[in-house]
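In: please find the sequence and the predicted model below.
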Amino acid sequence: MRTEATIFAFASGTSRAAISVLRLSGPATRAVVAAVAGRVPEPRRATLATFVDPATGDKIDHGIVVFFPAPASFTGEDCAEFHLHGSRAVAAAMIEALSLCPGTRPAEPGEFTRRAFLEGKLDLAQVEGLGDLIEAETAWQHRLALRQMEGALGHAASAWRQALIEASALVEAEIDFSDEADVPGETSRRIAGLLAPVAEALETELAAAKAGELVREGVTIVIAGPPNAGKSTLLNTLARRDVAIVSESPGTTRDALEVALDLDGFRVALIDTAGLRPAEDPIERIGIDRALARAKSADLVLWLSDVAAPADPPADLCDAPVWRVVTKIDLCCGAAGALPSDCLGVSAETGKNLDLLLQRISAFAAARTFGGWGGLITRERHRHAFMVALCALRRILQHSEAPIELIAEDLRAARFSLERLTGAVDVEDILGDIFARFCIGK
């Protein structure tokens, strides 16, 4: 699916830097490289060159040019990279020079990766993994994204799809040779042998789906409790900066404040919320409603209360685990030893037991994500495709006496769903959304 335009963009941004990298891809790449660098270098060999403006002959910079001929390039088209000195003046001059070359235009967000997808260099799951790799903030996000970008989901889907193709061939044979008495029974047994392992694998991945999503998106932990329980102080202490306003006046926190932490490679979103109490102020009431809503959607809730006035969490606070944390234990001598076994006493002032709290949160995140490896499913789109395929396979396995035409249709539906995972069929409705999230130059 070749395109007419040759696109260009800085892969390294245009801010001040020692080196900037400008990418070029499309049918006019050779002509542009020859015009700007004086000649087309040997493929995949970094070559020193003087870059000039083809329109005026003015020198722009001395740098490195690398040429990647099709199809052995990232996009599958002729590609090139100009390695320049990273000043804004050099960047502006190169952009102007390339803009005046025939057949060129600036790239749109994610357009290089989109061309790689259209040329079959990456499947859709790998594209998503590449996007996650660019956005990765923690070690486990990096590892999960790298595994996805290397094709883990695509390889598994391909193996399952092959089993479905074999089953479909058996079904088609039964339809074509329905007059043979021994074909139907034999077909049912062989189909079950092919489909049962696939259904089991899909069930396993769906069970682990939450783990993969948690690695990618992070574990959400809400800090809840009555006013003046030390929620904002704890958030500031764990974040090691002043995120929330701390005041002795009840109701200071009106909205949810979120801080992202990296705990042993796991992303943890820590959310401070408004103190829960009966309130007449309509603005405070909105804050309390938002606090309850965030608690309902959390993976874990830290219920904070003052050691001088311990409070139990509401029974209907959330469906997630609720950890009781008693604060300000530095103000009450001996109080920490008198706490119930299900409470952890901490002091943001002295730092007592904060390291223990963080260790427990890290262990919680690890347990929820299978040690950080998660599964193949990292998006709701993946989960839906797995579920559709599994439901179709279950119908076949549970109703082996169904008309052969219905079995054939369920096999087609399962195969189609797996093919959507990698973008082999009918994904135009989601391509725009996926590539729009990429930066320009990627």
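Out: Received the coordinates, thanks.

In: now do the strands in this protein.
Out: In the chain, the segments counted as strands under DSSP state E are 6-10, 17-25, 47-52, 59-68, 79-86, 104-106, 219-224, 257-263, 266-272, 300-306, 322-327, 343-345.

In: put the alpha carbons of the first one into CSV.
Out: Right, strand 6-10. Backbone C-alpha positions of strand 6-10 (Å, rounded to 0.1, in the frame of the first residue of the first chain) are rendered in CSV as follows:
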residue,chain,number,x,y,z
THR,A,6,7.4,11.6,1.2
ILE,A,7,7.1,12.6,4.8
PHE,A,8,9.6,14.1,7.2
ALA,A,9,9.8,15.0,10.9
PHE,A,10,12.2,15.3,13.8
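
In: who does it pair with, and is each partner parallel or antiparallel?
Out: Paired with strand 6-10 in the same sheet, following DSSP bridges, are strand 17-25 (antiparallel), strand 104-106 (parallel).

In: re earlier: need the strands of the chain in a markdown table (columns: mean pLDDT).
Out: Below are the strands of the chain laid out as a markdown table (pLDDT from 0 to 100):
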| stretch | mean pLDDT |
| --- | --- |
| strand 6-10 | 95 |
| strand 17-25 | 93 |
| strand 47-52 | 96 |
| strand 59-68 | 96 |
| strand 79-86 | 95 |
| strand 104-106 | 94 |
| strand 219-224 | 92 |
| strand 257-263 | 86 |
| strand 266-272 | 89 |
| strand 300-306 | 92 |
| strand 322-327 | 92 |
| strand 343-345 | 89 |
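
In: picking that back up, closest to C318 out of the strands paired with strand 6-10?
Out: strand 17-25 (46.0 Å; Cβ to Cβ). No exception for glycine: its C-beta is placed from N, CA and C like everyone else's.

In: would you mark the buried spots in the closest one?
Out: Within strand 17-25, the residues that count as buried by 16 or more other Cβ atoms under 10 Å are S20, V21, L22, R23, L24, S25.

In: dump the strands of the chain to a markdown table, plus distance to A392.
Out: Below are these laid out as a markdown table (distance: least, Cβ to Cβ, whole Å):
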| stretch | distance to A392 |
| --- | --- |
| strand 6-10 | 40 |
| strand 17-25 | 39 |
| strand 47-52 | 54 |
| strand 59-68 | 42 |
| strand 79-86 | 41 |
| strand 104-106 | 44 |
| strand 219-224 | 33 |
| strand 257-263 | 39 |
| strand 266-272 | 34 |
| strand 300-306 | 35 |
| strand 322-327 | 39 |
| strand 343-345 | 47 |
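
In: so which of these is nearest L397?
Out: Nearest of the strands of the chain (Cβ to Cβ): strand 219-224, 35.3 Å.

In: which other helices and strands contact the closest one?
Out: helix 231-239, strand 266-272, helix 282-296, strand 300-306, helix 354-368 (3 or more Cβ pairs under 8 Å, 6 or more residues apart in numbering; DSSP states H and E).

In: what strands line up against the fourth one, and which way round?
Out: So the one you mean is strand 300-306. By DSSP bridges, strand 300-306 pairs with strand 219-224 (parallel), strand 322-327 (parallel).

In: return the most buried member of those.
Out: strand 219-224 (a mean of 24; mean count of other Cβ atoms under 10 Å).

In: residues in contact with the residue nearest to P314 when sequence neighbours are not counted?
Out: Closest residue to P314 apart from its sequence neighbours, by Cβ to Cβ, 6 or more residues apart in numbering: L276 at 7.6 Å. Contact partners of L276, counting by Cβ atoms under 8 Å, 6 or more residues apart in numbering, are A224, G225, P226, P227, I288, A291, L292, P314.

In: which residues in this protein form helices?
Out: Using DSSP state H, the helices of the chain run over 29-37, 88-99, 111-118, 124-135, 139-149, 152-176, 183-207, 209-217, 231-239, 282-296, 354-368, 380-398, 404-422, 428-436.

In: can you give me the buried ones in the fourth one?
Out: What it means is helix 124-135. L124, A125, Q126, V127, E128, G129, L130, G131, D132, L133.

In: any chance of JSON lines for the buried residues of strand 17-25, columns distance to L358?
Out: Converted to JSON lines, these look like this (distance: Cβ to Cβ, whole Å):
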{"residue": "S20", "distance to L358": "39"}
{"residue": "V21", "distance to L358": "39"}
{"residue": "L22", "distance to L358": "43"}
{"residue": "R23", "distance to L358": "41"}
{"residue": "L24", "distance to L358": "47"}
{"residue": "S25", "distance to L358": "45"}
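
In: just to revisit the earlier point, out of the helices of the chain, nearest to W323?
Out: Using Cβ to Cβ, the helices of the chain put helix 354-368 closest to W323, at 7.6 Å.

In: tell me the domain boundaries of the protein?
Out: The chain breaks down by automatic domain parsing into domains covering 6-120, 125-208+377-423, 217-372.

In: quick revisit: I175: which of the strands of the chain is closest?
Out: Going by Cβ to Cβ, the one of the strands of the chain nearest I175 is strand 17-25, 46.5 Å.

In: can you show me the CA trace of the closest one as CSV?
Out: Provided in CSV are the C-alpha atoms of strand 17-25 (Å, rounded to 0.1, in the frame of the first residue of the first chain):
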residue,chain,number,x,y,z
ALA,A,17,20.2,19.5,22.1
ALA,A,18,23.7,18.2,21.1
ILE,A,19,22.2,16.1,18.3
SER,A,20,18.9,16.1,16.5
VAL,A,21,17.6,13.3,14.2
LEU,A,22,15.3,14.1,11.3
ARG,A,23,13.6,11.2,9.6
LEU,A,24,12.4,10.9,6.0
SER,A,25,10.3,8.2,4.4
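
In: what's the angle from that strand to strand 79-86?
Out: 160 degrees (axes from the mean of the first three to the mean of the last three Cα atoms, to 10 degrees).

In: now do strand 17-25: distance to the chain's middle.
Out: Centre-to-centre, strand 17-25 and its host chain are 26 Å apart (Cα atoms, centre = their mean, to the nearest Å).

In: how about residues contacting it?
Out: 6-14, 32-33, 73-75, 77-86, 90-91, 94-95, 98, 104, 107, 112, 115, 441.

In: about what we covered before: let's have the buried residues of helix 124-135 in TSV, adding pLDDT.
Out: What follows is the buried residues of helix 124-135, written out as TSV (pLDDT from 0 to 100):
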residue	pLDDT
L124	89
A125	90
Q126	91
V127	90
E128	89
G129	89
L130	90
G131	88
D132	88
L133	89
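
In: quick one: closest of the strands of the chain to A199.
Out: strand 219-224 (29.8 Å).

In: hang on, the earlier thing: what's the closest of the strands paired with strand 6-10 to A408?
Out: strand 17-25 (42.3 Å).

In: just to revisit the earlier point, and the buried residues of strand 17-25, which two are furthest apart?
Out: S20 and S25 (17.0 Å).

In: indicate which one of the strands of the chain is closest to R394.
Out: Nearest of the strands of the chain (Cβ to Cβ): strand 219-224, 31.2 Å.
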